[in-house]
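1. Fold the following for me, if possible:
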Amino acid sequence: MPRRRCSSPPALGSGLPVLAALAAALACHPAAAAGSGTSKGTVFSTPNQIIKGKAAALEGDLLAVDGTPIRLMGIDAPDPDQKCRNRNGHELDCFRIATAVLANLVKDQEVECTVAERDRTGEKKGECRVRGVDLGSAMVSRGWAFAYRSLSPVYASAEAYAQSKKLGLWAGKVEKPAQWRSRQRREQGR
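-> All right, here's what the predicted structure looks like:
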């Protein structure tokens, strides 16, 4: 394939419309237009990509569907090594329990995920369903994951329900995963 000859992009004040200048720059650098994954901070769009198959729960908010990791969008489940306490004050491995609850929801069922995006690390995020049941909603309404409200308000009512009924993590004492991660980073920085 012949190499493209590209010159320096025209100056913005040169009379060339901004969109035309952008189009010329992308023509000279097709990897930038395709989202080559080489630059940090880029969000890769994969709207409505459907992935179906048997799934394994890797975390309380992460599945591997036919080997493809997909993060459940809009929820946040306990992280590895995160502990919580039950209503009697006994320590529990809430990460392991949340992962087991998700595993039970997908057990021997075909999972269908609609991938909405890939983040800057390439991780796919989306909504996954089993027999039409939204797994994110199921995890939050059972109290084993939190609504990730800073990303989406979709599961706020499911979280309010679990909290009002003291289900799952709400039955005892737990720190929200995002707060737990933040505290871990601060403590490791000391």
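
2. Please parse this protein into its domains.
-> 11-42, 44-175 (automatic domain parsing).

3. Quickly compare these and say which is most buried.
-> Ranked by mean neighbour count, the domains of the chain are led by domain 44-175 with a mean of 18 (mean count of other Cβ atoms under 10 Å). Bear in mind the C-beta positions are built from the backbone N, C-alpha and C, glycine included.

4. mind checking how far it is from the chain centre?
-> 9 Å (Cα atoms, centre = their mean, to the nearest Å).

5. quick one, helices of the chain?
-> In the chain, the helices defined using DSSP state H lie at 18-28, 30-34, 94-106, 135-141, 156-165, 177-188.

6. Mind giving me the packing neighbours of the strand of greatest length in the chain?
-> Ranked by number of residues, the top strand in the chain under DSSP state E is strand 44-59. When contacts are defined as 3 or more Cβ pairs under 8 Å, 6 or more residues apart in numbering; DSSP states H and E, strand 44-59 packs onto strand 62-65, strand 68-72, helix 94-106, strand 110-118, strand 124-130.

7. Summarise which helices and strands the first one is packed against.
-> Under the contact criterion of 3+ Cβ pairs under 8 Å, 6+ apart, strand 62-65 touches strand 44-59, strand 68-72, strand 110-118.

8. same deal with the second one?
-> The elements that strand 68-72 packs onto, with contact taken as 3+ Cβ pairs under 8 Å, 6+ apart, are strand 44-59, strand 62-65, strand 124-130, helix 135-141.

9. Switch those over to CSV; also include distance to residue 79 and mean pLDDT.
-> Below are the helices and strands packed on strand 68-72 laid out as CSV (distance: least, Cβ to Cβ, whole Å; pLDDT from 0 to 100):
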stretch, distance to residue 79, mean pLDDT
strand 44-59, 8, 84
strand 62-65, 11, 96
strand 124-130, 16, 95
helix 135-141, 14, 97
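
10. Export these as TSV, with columns for distance to residue 87.
-> Shown next, in TSV, are those (distance: least, Cβ to Cβ, whole Å):
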stretch	distance to residue 87
strand 44-59	24
strand 62-65	27
strand 124-130	29
helix 135-141	19
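
11. nearest to residue 94, of the ones you listed?
-> strand 44-59 (11.3 Å; Cβ to Cβ).

12. Looks like residue 77 contacts residue 58 (just checking).
-> No. Using Cβ atoms under 8 Å, residue 77 is not in contact with residue 58, being 10.6 Å away.

13. Need the overlap of contacts for those two.
-> residue 99 (Cβ atoms under 8 Å, 6 or more residues apart in numbering).
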